[in-house]
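Peer 1: Sequence and computational prediction follow.
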Amino acid sequence: MMKRAAHHDGKAPSQRQLRVGELVRHALSDVLLRGDVHDPALEGVVVTIPEVRMSPDLKVATVFVMPLGGKDGAAIVAAFERNRKFLRGDVAHRVNLRYAPDLRFRLDTSFDEGDRIDALLRTPEVKRDLDDDA
């Protein structure tokens, strides 16, 4: 899987941010696996959570979600937004933090970006340039 760029402030996340992000990701994954979120948009849809990025103060969690096959991404994000309060409470019970993080949901586009780069690398112009270097 492709690594994402550094956080918006240009600095790499701390070990604590990474660890807490992973705990939040696991908590949300468990909720989805058990089927605790009752929303028509999520019924019968397999959703993965590839990454959760925590703010430096651990008060905001940006959750990247991806429906299997990449279909109806906007509807999936909207469903998570509708259920944000429930999910935040569930995460608060599962992850021992001073503050329950505010959850923000985003569609994960890293796979699309990887496909786009692969396609660019297969273009005749790039192949020619790579062959010239060899």
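Peer 2: Good, I have the coordinates. Numbering: from 1, shown residues only.
Peer 1: so who does the nearest residue to residue 94 once chain neighbours are set aside touch?
Peer 2: Leaving aside its sequence neighbours, residue 94 sits nearest to residue 27 (C-beta to C-beta, 6 or more residues apart in numbering; 4.0 Å). Where you see a C-beta, it was placed from the backbone N, CA and C, and this is true even at glycine. Neighbour list for residue 27: 90, 91, 94, 95 [criterion: C-beta atoms under 8 Å, 6 or more residues apart in numbering].
Peer 1: Quick check: end-to-end length of stretch 43-60?
Peer 2: 27 Å (C-alpha to C-alpha, to the nearest Å).
Peer 1: Mean confidence (pLDDT) on it, please.
Peer 2: Stretch 43-60 shows a mean pLDDT of 93.
Peer 1: If you count neighbours, what's buried in it?
Peer 2: For stretch 43-60, the neighbour count (16 or more other C-beta atoms under 10 Å) marks 45, 47, 49, 51, 52, 53, 54, 55, 58 as buried.
Peer 1: now swap in stretch 57-73 and tell me
Peer 2: Applying 16+ other C-beta under 10 Å to stretch 57-73 flags 58, 61, 62, 63, 64, 65, 66, 67, 73 as buried.
Peer 1: Give the pairing partners of the helix or strand that contains the fourth one; include direction for each.
Peer 2: Spelled out, it's residue 63. Taking DSSP states H and E as the criterion, residue 63 maps to strand 60-67. When pairs are called by DSSP bridges, strand 60-67 turns out to pair with strand 47-54 (antiparallel), strand 102-107 (parallel).
Peer 1: Residues touching the last one, excluding its own?
Peer 2: Right, the one you point to is strand 102-107. 59-66, 73-74, 76-77, 80-81, 84, 87-88, 91.
Peer 1: repeat for the longest one
Peer 2: Around strand 47-54, the neighbours that count as contacts under C-beta under 8 Å, 6+ apart are 1, 4, 7, 13, 17-18, 20-22, 24-25, 28-29, 32, 60-68, 76, 101, 108, 110.
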